[in-house]
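In: just the structure for this:
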Amino acid sequence: MTQDAIARAWDALVATARRTVTDGLVVGTSGNVSVRVGDLVLVTPSGVPYDRLTPADAVVVDLAGQRVLGELTPTSELPMHLEIYRHTPAGAVVHTHAVHATAVSTLVAELPPIHYMTAALGGPVRVAPYALYGTAELAENMLAALDGRTGCLLRNHGAVTYGDSLDQAYDRTAQLEWMCRLWLTASTVPGLAPTLLSAGELDEVAGKLRGYGQRR
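Out: Numbering: from 1, shown residues only. Reported below is the predicted structural model:
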């Protein structure tokens, strides 16, 4: 893998990480972002504000978690990122502690299918059981919740999404946070409960989404 490819991937990763802060999905140094380049993974470092990251701060590990480039310590959530890359075709992963997603993770075992964009994440978004951050147990719980999905919630913790690219992984994170906010808002109306979509309706949406967007 060329240094130019790593440099370009690092710049894109830092831009995405900074976007999570700008858009209010992350406070301080919470959350983390990674991107896969061949058999290597670039990941945000532990405890460093994103606005201070420079090209010299690039952190690169292999799929076994061994650091191959950089002096900074990788994010404590590296086990989660690596589990996704080992078991899915993910090209990028975004993890945040977004307020509404985290709130929903404390209330239900699955985000109710309140909007058709649920289908864009593979179906109703599950909540992974709580485990200490940075542990193999949390990574295993997350992987089970992601089965057939591209995003999940982490009990009393936050959200994780992945995609083919940093843009797609980020868009899924933003969409998941919006759906969590929507459900929380609709659920607060006294005497009323939000209507939900059926499995058949979500399947219909999933089929239509496969043809969504511009054709090349």
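In: mind giving me the packing neighbours of the longest helix seen in the chain?
Out: Assignment by DSSP state H gives helix 166-187 as the longest helix of the chain. In terms of contacts (3 or more C-beta pairs under 8 Å, 6 or more residues apart in numbering; DSSP states H and E), helix 166-187 is packed against helix 3-22, strand 32-37, strand 92-96, helix 99-105, strand 151-154, strand 158-163. Every residue, glycine included, has its C-beta placed from N, CA and C.
In: of those, which is nearest residue 183?
Out: Residue 183 sits nearest to helix 99-105 of all the helices and strands packed on helix 166-187, at 6.6 Å, using C-beta to C-beta.
In: hang on, the earlier thing: and of the helices and strands packed on helix 166-187, who's closest to residue 145?
Out: Here strand 151-154 is closest among the helices and strands packed on helix 166-187 (C-beta to C-beta), at 3.9 Å.
In: quick check: residue 154 touching residue 127?
Out: Yes - under the criterion of C-beta atoms under 8 Å, residue 154 makes contact with residue 127 at 7.3 Å.
In: joint contacts of these two?
Out: 105, 145 (C-beta atoms under 8 Å, 6 or more residues apart in numbering).
In: the nearest residue to residue 120 once chain neighbours are set aside: neighbouring residues, count only.
Out: Closest residue in space to residue 120, ignoring its immediate chain neighbours: residue 209 at 6.0 Å, by C-beta to C-beta, 6 or more residues apart in numbering. By other C-beta atoms under 10 Å, 13 other residues sit near residue 209.
In: with residue 55 instead?
Out: 10.
In: distance of it from residue 6?
Out: The spacing between residue 55 and residue 6, counted by C-beta to C-beta, to the nearest Å, is 10 Å.
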